[in-house]
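**Student:** What follows is a predicted structure for the sequence shown.
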Amino acid sequence: MTHAEPPPPAPVDGRGVAARQAASLPVLLEAVLSVGSELELRTTLQHIVDSATELCAARYGALGVVDPERVRLTGLFTSGMTEEEKTAIGRLPDGRAGLLGALVTDPRPLMLEDLNEDPRAGGFPPGHPPMKGFLGVPIRVHTEVFGNLYLTDKHGGGPFTDEDLALLRVLASQAGIAIGNARLYETARRRERWIEGAAAVTTTLLAGRPAADALMCVAERARLLADAAAGVVLQPTPEGGMEIVAASTHGDPGDLVGTAIAPGSAVLEQLLGGEPVFIEDSATDPRMTTHVRERFGPSMMLPLQSGGQLIGTLALPRDRGGPAYDAVDRLLASQFASQAALALVLADAQHDREQLAVYEDRDRIARDLHDLVVQRLFATEMMLESTRRRSAKAPAGDTVGEELGRAVDELDSTIQEVRTAIFALQQPPTDAPTTFRGRVLRETGGAAVLLGFQPSVHFAGTVDALLPDQVADDLLAALRGALAAAHRRAEVTSIDVEVDAVPARVRLTVSDDGRTESGTRGTTLTWEAPL
């Protein structure tokens, strides 16, 4: 057995050693060139284990990637095994025990003539091919142990030699350089994808998408970037918990939307404090309490906050048995969450500014219509009315009076239509009520802006259930006209609106105390329709 430093050379024929070294040199050079020819990390790792197996004439080879945080193997690349052998073995070892684990906990070169005699060697799982000779060396990237190279069973049946160990150590050294370059390249590509994703989300959100679509956009883009099984956005609830409001999955999100984290949860306390939560296995972690946790494995839960404002949480769970998120994943996803939160805040602020501009513009139009157009129309109507009265004394057969009467009626109708438009402009363009009662109250509330007082409203019967859409629209149009007519009358101080619905008919009654042209006070308008 060889451990750590190689043993002193055995007395052998110098010419034989030189010959073997000369024969191995081209193979070593080819292996070194091969492992440095790729920039894609997974391809590089497979090249390394293939080159090591060929360099030392081994039957089987493996390269285990070590997770320094968990002190275990998170990936295993093999050489020499057929697909049938891999299928028969099933799940590959994670390096927590056995000789693979020995190099994980103690990363020094190790050479054995018969691994079955070593006390650290565990039993092979069913379907695993028998192995005897063993050779392993660590791969370091700078000062960090990235993984280990394992070789078993030299072709020809002989044991591994000190020369094999020396060659493998040289290859492992060059492999560390190649892996370092590949990791830098992969990290740069991953960072580029996350940056592009964050920019795309920002552009989409600032394009004026509705709030629900904005949250779904964040969940969908993050899921794709993180290669997660799902991307979900949670928002705080009035009870103090958090609820999933948007979910993106490979298929139907099913029962994800609406799932809530109860107040007092350890995860929730951390999220509400603005701290990210990283879960190794959602199904078994005691901090996870929702019923959907059983279907997921590794997960990240990242607070969406900007300027101290917590908007919600972005959760990115992977499938059960999926690869854990590494440090780069966590960093890039956290940066994405911060950028997405800022974009959500900016989009919300932009929406508020646009709504405010709409309200201001509508208010200006309503004021202009009331102060300029309606007053001029009303003055013109009064002039025509006065002229019509004088023309009543004209000789018989003169039609001027009739024409003036029609002109007055047209102006009166125009004034009512303009007043109705003014009332409509006073209403918010969004969040319109859906029930008939709400629509009536919205109309009277808008009229109150111009009247200076709130009309009283009374309902009788189940108006929301009985009125068809067309009848409801006609009744609202009649209500607008009645309110506009009441506003025209002088000294109006109160308006009563009553809607009475029975299974056979609906009746609208609008009463006011305004003074009519004849000088009397009080007017009642009634509109009725069958149901």
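**Tutor:** Great, that's in hand. Residues are numbered from 1 along each chain as shown.
**Student:** what's the helix or strand for the residue most central in space within the chain?
**Tutor:** With the centre of the chain defined as its mean C-alpha position, the nearest residue by CA atoms, centre = their mean is Ala219, 1.7 Å away. Taking DSSP states H and E as the criterion, the element that holds Ala219 is helix 211-226.
**Student:** Check which helices and strands that helix is in contact with.
**Tutor:** Using 3 or more CB pairs under 8 Å, 6 or more residues apart in numbering; DSSP states H and E as the contact definition, the elements that helix 211-226 packs against are helix 162-205, strand 230-236, strand 242-249, strand 309-319, helix 327-368. For the C-beta atoms, the positions are set from N, CA and C on the backbone; glycine is no exception.
**Student:** and if we set it to 10 Å?
**Tutor:** Secondary structure elements in contact with helix 211-226, counted by 3 or more CB pairs under 10 Å, 6 or more residues apart in numbering; DSSP states H and E, are helix 162-205, strand 230-236, strand 242-249, strand 296-306, strand 309-319, helix 327-368.
**Student:** Columns distance to Phe278, mean pLDDT and mean neighbour count on top of those, output as a markdown table?
**Tutor:** What follows is these, written out as a markdown table (distance: least, CB to CB, whole Å; pLDDT from 0 to 100; neighbours: other CB atoms under 10 Å):
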| stretch | distance to Phe278 | mean pLDDT | mean neighbour count |
| --- | --- | --- | --- |
| helix 162-205 | 17 | 86 | 17 |
| strand 230-236 | 16 | 89 | 23 |
| strand 242-249 | 17 | 88 | 22 |
| strand 296-306 | 6 | 89 | 23 |
| strand 309-319 | 10 | 88 | 22 |
| helix 327-368 | 6 | 77 | 16 |
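**Student:** CA atoms only: put the helix holding Ala219 into CSV for me.
**Tutor:** The C-alpha trace of helix 211-226 is given here as CSV (Å, rounded to 0.1, in the frame of the first residue of the first chain):
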residue,chain,number,x,y,z
ALA,A,211,-49.1,42.6,-11.4
ALA,A,212,-50.0,38.9,-11.7
ASP,A,213,-48.2,38.6,-15.0
ALA,A,214,-45.1,40.4,-13.5
LEU,A,215,-44.8,37.9,-10.7
MET,A,216,-45.3,35.0,-13.1
CYS,A,217,-42.6,36.4,-15.3
VAL,A,218,-40.1,36.4,-12.4
ALA,A,219,-41.0,32.9,-11.3
GLU,A,220,-40.8,31.5,-14.9
ARG,A,221,-37.5,33.1,-15.7
ALA,A,222,-35.8,32.2,-12.4
ARG,A,223,-37.0,28.5,-12.8
LEU,A,224,-35.3,28.2,-16.2
LEU,A,225,-32.1,29.9,-15.1
ALA,A,226,-31.7,27.8,-12.0
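**Student:** quick check: mean pLDDT across it?
**Tutor:** On average, the pLDDT along helix 211-226 is 85.
**Student:** Would you indicate which residues of it are buried?
**Tutor:** Of the residues in helix 211-226, 214-223, 225-226 count as buried by neighbour count, 16 or more other CB atoms under 10 Å.
**Student:** picking that back up, I figured the residue nearest to the centre of the chain hits Gln235, correct?
**Tutor:** No: contact status for Ala219 versus Gln235: not in contact, 11.8 Å apart, counting by CB atoms under 10 Å.
**Student:** Can you check which residues contact both of these two?
**Tutor:** By the contact definition CB atoms under 10 Å, 6 or more residues apart in numbering, Ala219 and Gln235 are jointly contacted by 244-246.
**Student:** just the helices in the protein please.
**Tutor:** The residue ranges that make up the helices of the chain, judged by DSSP state H, are 14-35, 41-55, 83-89, 98-105, 162-205, 211-226, 266-272, 327-368, 375-391, 400-425, 436-451, 463-466, 469-488.
**Student:** right, so of those helices, which gets closest to Gly251?
**Tutor:** Of all the helices of the chain, the one in closest proximity to Gly251, counting by CB to CB, is helix 211-226 (12.2 Å).
**Student:** roughly how far out does the closest one sit from the chain middle?
**Tutor:** In this view, helix 211-226 has its centroid 3 Å away from the chain centroid, taken as CA atoms, centre = their mean, to the nearest Å.
**Student:** Is Arg190 in contact with Val328, as I believe?
**Tutor:** Yes: contact criterion CB under 10 Å: Arg190 and Val328 qualify, at 6.4 Å.
**Student:** how close does the nearest residue to Arg42 once chain neighbours are set aside sit to Pro276?
**Tutor:** Excluding the flanking residues, the one nearest Arg42 by CB to CB, 6 or more residues apart in numbering is Phe77, at 7.8 Å. Taking CB to CB, to the nearest Å as the criterion, Phe77 is separated from Pro276 by 30 Å.
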